[in-house]
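Student: Need a 3D model of the following:
(3 chains)
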Amino acid sequence: MTWPMQWQFGFDVGESERIKVTFQFTKPNSSGENTSSETAPTIVDTVEAACIDSAVNLVNTFVSKEVNLSHCKVIVFSEEMARQGISKEIYSLMNKVEVRPDSNIIISTTTAQEYIESVNPSLENLVAKFYEILPRSSEYTGFTTDIHLIDFFNKLESKSEEPIAILGTPVSESNESGGSGGSGSSGGSGGSGEGGSSSSTLPANNGIENIGLAVFKNDKLIGKLTKIETLSNLIITNKLKSCRLSIPDPDDQSKAIDFYLTLDTKPQIKVSILNGTPYVNIKVKLNGRISSINQISEEITDERVARIENSASHYLQTHILNYLYKTAKDYKSDISRYW
Amino acid sequence: MTNQKIGNFEAIALVLTVMVNHVVLNLPKRIISSTSSGTIVNILFITIVALVIVYLICKLLEKFPNLDILDIANFLGGKWLKTLIGILFLAYFLFTVSITLRSFSEGLKIIFFPRSSVGVIMILFLVAIVITNKLGFHAIVRSNLFVMPIILFSILFVFISNFGNFTVQRALPLLGEGAYTTFFAGTSNLFAFSGIVYLYFIPPYLKNISDQKKISLISVLLSGICLLLSVATLLFISPSAITAEETFPLYLASRNIEFGRFLQRLDALFLLIWIISLVAYLSISFSFATKVFQKLLNIKHTKWYIGLFTLFIFTFSLIPENMYQIIFIENTVYQYVVLVIVFAVALSLLVLANIKYNVIQKKKGSVLIDKAPV
Amino acid sequence: MRFIFIFLAYIAGFFGLGLGMFIYLCILTSLKSFGVPYMAPYAPVTKINSSGYFLKPIWEREKRADYLNTKKQNAQEHISMKWKYK
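Tutor: Model (predicted):
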């Protein structure tokens, strides 16, 4: 009898075996009883095995119902494991007919077990529903993207682009390091804009946050992208639907102007070869609506709007260039897909 | 009941059912692996070639209205040629039923019944085939007419739903591995239009024989469109995922279909539709096999040897020992069998029969052809 | 009838249901009711003259149903409400 409850699983580097697999199941018969304020309890089990099939086999020995991979929503890899290479696991998963190709791939900055155990959705009863809805938030935040197993696999196999995955962090870890998806950036909100900082202002018991992207070179994790770099990636690859962005006020650097950004048209990308090296020319048209500014609208003159436009363009241009140089020079990983 | 004729739509659905069922199996993957990104151009080319061949067949059959290929063989070479051709086509139908049955059953076993024996799955199929054949040829043909629009819509739906996942650049370079591979070596992909074999047998059953050309051309055109849609779906989504998996590439494509959070996991529905379509196809092929046998031996009632044929098909489909052998038979052996029997032998027969007809007409002025009762 | 489908679903799940549905469809298409195929006018495909789901007004129903294979196709004249035009 297969278990119809939805679940997710994560991979870590094993201590006694090759991998450590953590399974999270929703407890059956609990989703109907709970009120809307309570989350259905989940069961988290961890086993060590040589491969996925062995791990599922082991779990089946102490779980009364047979585990079926077709109900899996999220597959989590730890950062340590991702740095060693995850192609074996990806190929194993793609080879199974029951694994759904639209399962999300998440790279956790801590262990996958810690990530899964930290999940504590406040607005949903079922953890599976939370996992289903959360990656879709990329449509209106712009700080992550909805990467599926099939997308990761295609990019892994492709000769023209490298794979990326969602970067996830348990909130307790992000509060300690002062930022998620970044590297040693200082916290701060509002006035300084969202340059390199990526502060987490979430309450400590809210579980996890998916901010940023994990960049791969073939099957090994090579680096991470911050919020603004992720936004740059979404803009370049024409995946940005909308987002809210805070940019420093050109007339008063201590204040910020909030924009609601949407991508007007597909970015025009022209690649030419100059002196043996590719020269990429990208033209991006963004539509920004000022959602908050410390001035009433009658006082905003045309010159002020022009200054704000220029400042915003320069701000985004700087960050997009930084992102492109970072991926090209530092990571040497083509994730921007210039075609 | 035995004198009832089939209409135009039923005849078109009959020819189309072959293409639709092979599209669900490994046909698109086979074509993509032979011509890579030049597949789109290749399919357009072979559709045009198939239309020309079908037009030629209709022209050749004009002199023999309401006669099938066995009667024409009888006219050309007497009883011995009729028997030979009959045995050839009988073996062809039984071969296609066996191998298609085994291939689909293996796929079903991998997806739905990993712990069941493949023989059990095949037995269930064969029981359904026996029951439908006992109900009669016309019952199967009319049921097929019901099922066909649903299947065509499902293939179109898979194409449209996966539009967001398409990378049109995968069709480049347009000629794939070169013009030679796309146009000359790729002509062997004509085996995809194996539904043409039914055109040799349906003339005695048609209501209006004058519509034969229309039926043939429309059915081949629709087959080409169906093949193009399915190949385009698979080519544009993810060639690597397709080549990695040996079972039902179109089913894998349907697993990507997702409309928000409401319409998800539609692959089970598609598999249900395709199972029904496969039973229809196997029943029709089986029915033609029994009709050929009936005609060869002048037997009045078919129902007593349906069970014997079923046993024969079951035995033959158990011969391949593993998946590799099944794929080899389905991809390589089947291709040459279709090209030789459906195209080379049948066309040659028709051409020679036409020549003989013209010679006799010149000598005697009129030609009398024996027609065996349907 | 439903027990047969329940039994088929128990044996073979979706697969059994698919087989059962096709066999049932074949049974329906093989039936005849007073000489008329049960699934007419859909199988065999015949012209829907004055029968079918969407009906014309009574005074416009000129032709008889094709699947009846009647001797006379026309049930009434082109202008049936002669009193209207007098």
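Student: all contacts plus neighbour counts: C-alpha atoms, from now on.
Tutor: OK.
Student: Identify the residue of the stretch 101-250 of chain A closest to chain C, quick one.
Tutor: Checking the stretch 101-250 of chain A residue by residue against chain C with CA to the nearest CA singles out A:P101 as nearest, at 21.6 Å.
Student: With adjacent residues omitted, what lies nearest to B:G136?
Tutor: Excluding its sequence neighbours, the residue lying closest to B:G136 (CA to CA, 6 or more residues apart in numbering or on different chains) is C:S30, at 7.4 Å.
Student: what about the one you found, how many residues close to it?
Tutor: C:S30 sits with 22 neighbouring residues when counted by other CA atoms under 10 Å in any protein chain shown.
Student: Which pLDDT does the model give it?
Tutor: C:S30 is assigned 88 on the pLDDT scale.
Student: Show me the strands in the stretch 151-300 of chain A, by range?
Tutor: Applying DSSP state E, counting those that start in this stretch to the stretch 151-300 of chain A gives strands spanning A:164-170, A:208-217, A:220-225, A:242-249, A:252-263, A:268-274, A:277-283, A:286-292.
Student: Of all the ones you listed, which one is nearest chain B?
Tutor: With distances scored as CA to the nearest CA, the stretch of the strands of the stretch 151-300 of chain A nearest to chain B is strand A:268-274 (15.1 Å).
Student: need the residues of the stretch 51-200 of chain A near chain B, please.
Tutor: In this structure, the stretch 51-200 of chain A approaches chain B at residues A:M94, A:N95, A:V97, A:E98, A:R100, A:P101, A:D102, A:I150, A:F153, A:N154, A:E157, judged by CA under 8 Å from any CA of the partner chain.
Student: quick one: stretch B:322-342 to chain centroid distance?
Tutor: A distance of 13 Å separates the C-alpha centroid of stretch B:322-342 from that of its chain, computed with CA atoms, centre = their mean, to the nearest Å.
Student: does chain A sit close to that stretch?
Tutor: No: using CA under 8 Å from any CA, no contact is recorded between stretch B:322-342 and chain A, whose separation bottoms out at 15.3 Å.
Student: Bridge partners for A:Q8, pull those for me.
Tutor: As for beta bridges, A:Q8 partners with A:Q24 under DSSP bridges.
Student: The spatially closest residue to A:F23 that is not a sequence neighbour: neighbour count?
Tutor: Take A:F23 and drop its neighbours on the chain: the residue closest to it by CA to CA, 6+ apart is A:F9, 4.4 Å away. Burial measure for A:F9: 22 neighbouring residues, criterion other CA under 10 Å.
Student: same deal with B:I46?
Tutor: B:I46, neighbours per other CA under 10 Å, totals 22.
Student: For my notes, confirm it occurs in a strand.
Tutor: No: when the secondary structure is assigned by DSSP: H, G, I helix; E, B strand; the rest coil, B:I46 falls in helix instead of a strand.
Student: wait, what's in contact with it?
Tutor: With contact set as CA atoms under 8 Å, 6 or more residues apart in numbering or on different chains, B:I46 has these partners: B:T187, B:N189, B:L190.
Student: Can you give me every residue that contacts the last one?
Tutor: Under the criterion of CA under 8 Å, 6+ apart, the contact list for B:L190 reads B:I46, B:A50, B:L339.
Student: now the second one
Tutor: Under the criterion of CA under 8 Å, 6+ apart, the neighbours of B:N189 are B:I31, B:I46, B:Q335.
Student: Can I get the residues you listed in a markdown table including distance to B:L16 and pLDDT?
Tutor: Conversion of the contacts of B:N189 to a markdown table gives the following (distance: CA to CA, whole Å; pLDDT from 0 to 100):
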| residue | distance to B:L16 | pLDDT |
| --- | --- | --- |
| B:I31 | 18 | 87 |
| B:I46 | 16 | 93 |
| B:Q335 | 18 | 90 |
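Student: quick one, what contacts B:S161?
Tutor: B:S161 neighbours (CA under 8 Å, 6+ apart): B:I257, B:E258.
Student: 7 Å instead, please
Tutor: Applying CA atoms under 7 Å, 6 or more residues apart in numbering or on different chains to B:S161 gives the contacts B:I257.
Student: ok so it is a helix residue?
Tutor: Yes: according to three-state DSSP, B:S161 belongs to a helix.
Student: Around C:Y10, count how many other residues there are.
Tutor: A count of neighbours around C:Y10, defined by other CA under 10 Å, yields 12.
Student: Is B:E10 in a helix, a strand, or coil?
Tutor: Classification of B:E10 using three-state DSSP returns helix.
Student: Leaving out sequence neighbours, find the closest residue to it.
Tutor: According to CA to CA, 6+ apart, the nearest residue to B:E10 is B:L145 (5.6 Å).
Student: Pretty sure B:A11 is one of the things that neighbour touches, is it not?
Tutor: No: in this structure, B:L145 sits apart from B:A11 without contact. The criterion is CA atoms under 7 Å, and the distance is 8.7 Å.
Student: Show me how far the helix or strand containing B:T233 is from its chain's centre.
Tutor: Here B:T233 is covered by helix B:212-237, with elements defined by DSSP states H and E. Using CA atoms, centre = their mean, the mean C-alpha position of helix B:212-237 is found 12 Å from that of the whole chain.
Student: Now do that helix: which elements does it pack against?
Tutor: Taking 3 or more CA pairs under 7 Å, 6 or more residues apart in numbering or on different chains; DSSP states H and E as contact, the helices and strands that helix B:212-237 lies on are helix B:8-24, helix B:39-61, helix B:137-161.
Student: what's the angle between it and helix B:39-61?
Tutor: Taking axes from the mean of the first three to the mean of the last three CA atoms, to 10 degrees, one finds helix B:212-237 and helix B:39-61 inclined to each other by 170 degrees.
Student: If we go by neighbour counts, what in helix B:212-237 is buried?
Tutor: The neighbour-count criterion (16 or more other CA atoms under 10 Å in any protein chain shown) identifies B:212-213, B:215-237 as the buried residues of helix B:212-237.
Student: Name the residue of chain B that lies nearest to chain C.
Tutor: Among all residues of chain B, B:A139 sits closest to chain C, at 4.8 Å; criterion: CA to the nearest CA.
Student: burial count for that residue?
Tutor: Applying other CA under 10 Å, we find 23 residues neighbouring B:A139.
Student: ok, it to B:Y205 distance?
Tutor: Spatial separation of B:A139 from B:Y205 under the definition CA to CA, to the nearest Å is 14 Å.
Student: And A:I150, by the same measure?
Tutor: Distance from A:I150 to B:Y205, counting by CA to CA: 48 Å.
Student: hey, what's A:V280 bridged with?
Tutor: Beta-bridge partners recorded for A:V280 (DSSP bridges): A:V271.
Student: what's the first-to-last distance across stretch C:25-37?
Tutor: Stretch C:25-37 has an end-to-end distance of 13 Å (CA to CA).
Student: can you check stretch C:22-36 too?
Tutor: Using CA to CA, the end-to-end distance of stretch C:22-36 comes to 21 Å.
Student: circling back to that earlier point, check the strands of the stretch 151-300 of chain A for me and report the most buried one.
Tutor: For those, ranked by mean neighbour count under the definition mean count of other CA atoms under 10 Å in any protein chain shown, the leader is strand A:164-170 at a mean of 28.
Student: Which parts of the stretch 201-350 of chain B are helices?
Tutor: Using DSSP state H, counting those that start in this stretch, the helices found in the stretch 201-350 of chain B span residues B:212-237, B:239-244, B:249-254, B:267-297, B:306-317, B:323-328, B:334-337, B:346-364.
Student: got a list of contacts for the third one?
Tutor: Residues from elsewhere that reach helix B:249-254, judged by CA under 7 Å, 6+ apart: B:V24, B:N26, B:V158, B:L234, B:I242, B:D267.
Student: what's the closest of those residues to B:L126?
Tutor: Minimum separation from B:L126 among the contacts of helix B:249-254 (CA to CA) is found for B:V24, which lies at 19.4 Å.
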